[in-house]
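**Q** Just a sequence and a predicted model for now, questions to come.
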Amino acid sequence: MIDRSTYHAWHGITPMGEFLAESDPDMFLVGGDGSYAVDQAGRRYLDARSSMWNVTLGYSCEPVKAAMRRQLDELPSGTVMRYEHPPRVTVRYAAALAATLPPTLRHIRFGNTGSQMTEAAGMLSRFHRRMTGETGRDRIIAVHGSYHGTGPLATALTGEQILHEWSAPLDDRVVHVAGGDGLLDAVAGVVDRLDASQVTAVIVEPVMGNYLHAASVDQLAALIDYCRARDIHVVADEVTTGAGRAAAMTVSERLPSPPDMIVLGKGLSAGYFPLAALAVADPIFDALAEPPFRLGFPNGSTTDGHPLGAAAGLAVLDILTADGFLDGVRDRGRQLCDILRDTLADDPHVGDVRGEGLLLGLELRYRDDGTPWTVRDVYRLRLACRDNRLLTSYSDGVMPLLPPLTISTDECAELAGILGKTITAYAAEHLGAR
């Protein structure tokens, strides 16, 4: 337990009283190597959540650290927000990143967080409409249960009703629809009700981050075709799925026709520097390159395109695009699924493992009726895993598992072993016959 009178940081989404009761200074992280984080007491934790899903290359990726050290010596800061002197490394990184994306998405705006860039995507869609004389098109369609970050627009896009209720007032021009197999019909229903002339964009996650439900290629392709026929922008939020997490640079590259915008974040810098990006298709960029009234897109911040982030991003790209790396992520994801299924096969509280690459979700079910565990039980299981030196995430009925893309076979077995014994012990102590 931490004394609140001596602790001055206010952070996270967990209420601080709960954090102070569950933590102590010995648990503060002070180091890390490979797939492990180390706390002040010297305890090593296998990190099956990659910090906040972003430390994709582990804690000791020397090529990324070396690139950042070199950049500190060359040009430690710079801006792309104004003026005509962008950092050269940032321009190089934009070109290198664009080369890994679908060929129509060649224009990159940089930011610091996924939340910032999902908001930028929505604002850019609306700005484009105003610059092209379609001032009535400002509605954005999003999906129930989705997560697109925090902020007046990002929280509004996120499909979590409780966040809307307690963070209001938010942007009120967002409409949410059900996901799953009925996504296209749900979007079409809203478009029919409002008319396409009022709808500017649809935003979707190829794999819904909080619940690890993947949309099929056919489903996403049909949605894009439907929207393109009505000039509705499609924004793919790949903050989590991109940069190798789903065993590809983007899930969007598998589609026959790409979206109009892709949001990237988390793994772009392997978590070594705040970095996010918005990739924009040619028609949107071309319409705004020389806009009326000499007004450029008024969105951004001082540290967008920071040279340290660009240097880290270039080093990460070198690793992700090396021959066989992403195939290895796909293979290791399948291996981890197999190990988890074998290890947990006899546990009545465990359902299937779902997801893509190393973006996985372990289903947890009450054995008496098969209903999903409450988010509170998954949260408490997370704490029990922590006490057994395994760091995990939590969600409603699902334990997300997103270890570093560099996790080894032995570490996969260690992860499954700790998880298995922890679920068994937790269920025996807290769930009884349930």
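**A** Now that the structure is in, tell me what you want to look at.

**Q** Now do Glu363: how many residues are near it, please.
**A** 17 (other Cβ atoms under 10 Å). C-beta coordinates here come from the backbone N, C-alpha and C atoms, glycine included.

**Q** ok, now the one 3 residues further on?
**A** Around Tyr366 there are 18 other residues, counting by other Cβ under 10 Å.

**Q** How about Pro76?
**A** 12.

**Q** from here on, count from 29
**A** In the new count, where the first residue is 29, that last one comes out as Pro104.

**Q** before we move on, which element is it in?
**A** Using DSSP states H and E, Pro104 maps to neither a helix nor a strand.

**Q** Break down the chain into its helices, ranges please.
**A** 44-50, 78-81, 90-102, 116-126, 142-159, 182-185, 189-195, 211-222, 245-256, 310-317, 335-348, 353-371, 403-415, 437-454 (DSSP state H).

**Q** Looking at the ones you listed, spot the one closest to Arg167.
**A** Arg167 lies closest to helix 211-222 among these, at 6.0 Å (Cβ to Cβ).

**Q** got a list of contacts for the closest one?
**A** Residues outside helix 211-222 that contact it (Cβ atoms under 8 Å, 6 or more residues apart in numbering): 167, 169, 171, 203, 205-207, 227, 230, 232, 243, 247, 250-251, 254-255, 258, 260.

**Q** Give me the buried subset of those.
**A** For the contacts of helix 211-222, a neighbour count by 16 or more other Cβ atoms under 10 Å gives the buried set as 167, 169, 171, 203, 205, 207, 227, 230, 232, 243, 247, 251, 254-255, 260.

**Q** which of these lies closest to Thr331?
**A** Val232 (28.2 Å).

**Q** Name all residues that make contact with the closest one.
**A** Here Val232 is in contact with Ala170, Val171, Ser174, Leu211, Ala243, Leu248, Leu251, Val262, Val263, Ala264, Asp265 (Cβ under 8 Å, 6+ apart).

**Q** just checking, the fifth one touches Pro234?
**A** The reference is to Ala243. Yes. Contact status for Ala243 versus Pro234: in contact at 5.7 Å, counting by Cβ atoms under 8 Å.

**Q** low-confidence ranges in the chain?
**A** For the chain, applying pLDDT under 70 flags the ranges 237.

**Q** Check the burial of Gly106 by counting its neighbours.
**A** When neighbours are counted by other Cβ under 10 Å, Gly106 registers 19.

**Q** isn't it right next to Leu336, touching?
**A** No. In this structure Gly106 lies outside contact range of Leu336 using Cβ under 8 Å: 9.4 Å.

**Q** how many other residues sit next to the nearest residue to Pro302 once chain neighbours are set aside?
**A** Using Cβ to Cβ, 6 or more residues apart in numbering and skipping residues adjacent in sequence, the residue nearest Pro302 is Asn140, 4.2 Å away. Neighbourhood size, Asn140 [other Cβ under 10 Å]: 20.

**Q** residue contacts, Asn140?
**A** Taking Cβ under 8 Å, 6+ apart as the contact definition, Asn140 lies against Pro302, Leu303, Ala304, Ser329, Thr331, Asp332, His334, Gly337.

**Q** Most neighbours of all these, which one?
**A** Leu303 (31 neighbours).

**Q** check contacts around that one.
**A** Each residue near Leu303 by Cβ under 8 Å, 6+ apart is listed here: Phe138, Gly139, Asn140, Gly293, Leu296, Ser297, His334, Gly337, Ala338, Ala340, Gly341.

**Q** TSV for those residues, including distance to Leu181?
**A** Shown next, in TSV, are these (distance: Cβ to Cβ, whole Å):
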residue	distance to Leu181
Phe138	18
Gly139	13
Asn140	16
Gly293	16
Leu296	21
Ser297	24
His334	23
Gly337	23
Ala338	26
Ala340	27
Gly341	25
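
**Q** Generate a PyMOL selection restricted to the buried entries among those.
**A** Burial among these is assessed by 16+ other Cβ under 10 Å; the matching PyMOL selection reads:
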select buried, resi 138+139+140+293+296+297+334+337+338+340+341
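
**Q** Tell me the one of the contacts of Leu303 nearest Thr146?
**A** Minimum distance to Thr146 across the contacts of Leu303 is 8.9 Å, recorded for Gly293 (Cβ to Cβ).

**Q** From Leu386, how far off is the residue nearest the centre of the chain?
**A** In the chain, the residue lying closest to the centroid (Cα atoms, centre = their mean) is Thr268, at 2.5 Å. In this view, Thr268 and Leu386 are 11 Å apart by Cβ to Cβ, to the nearest Å.

**Q** any common contacting residues for the two?
**A** Leu430.
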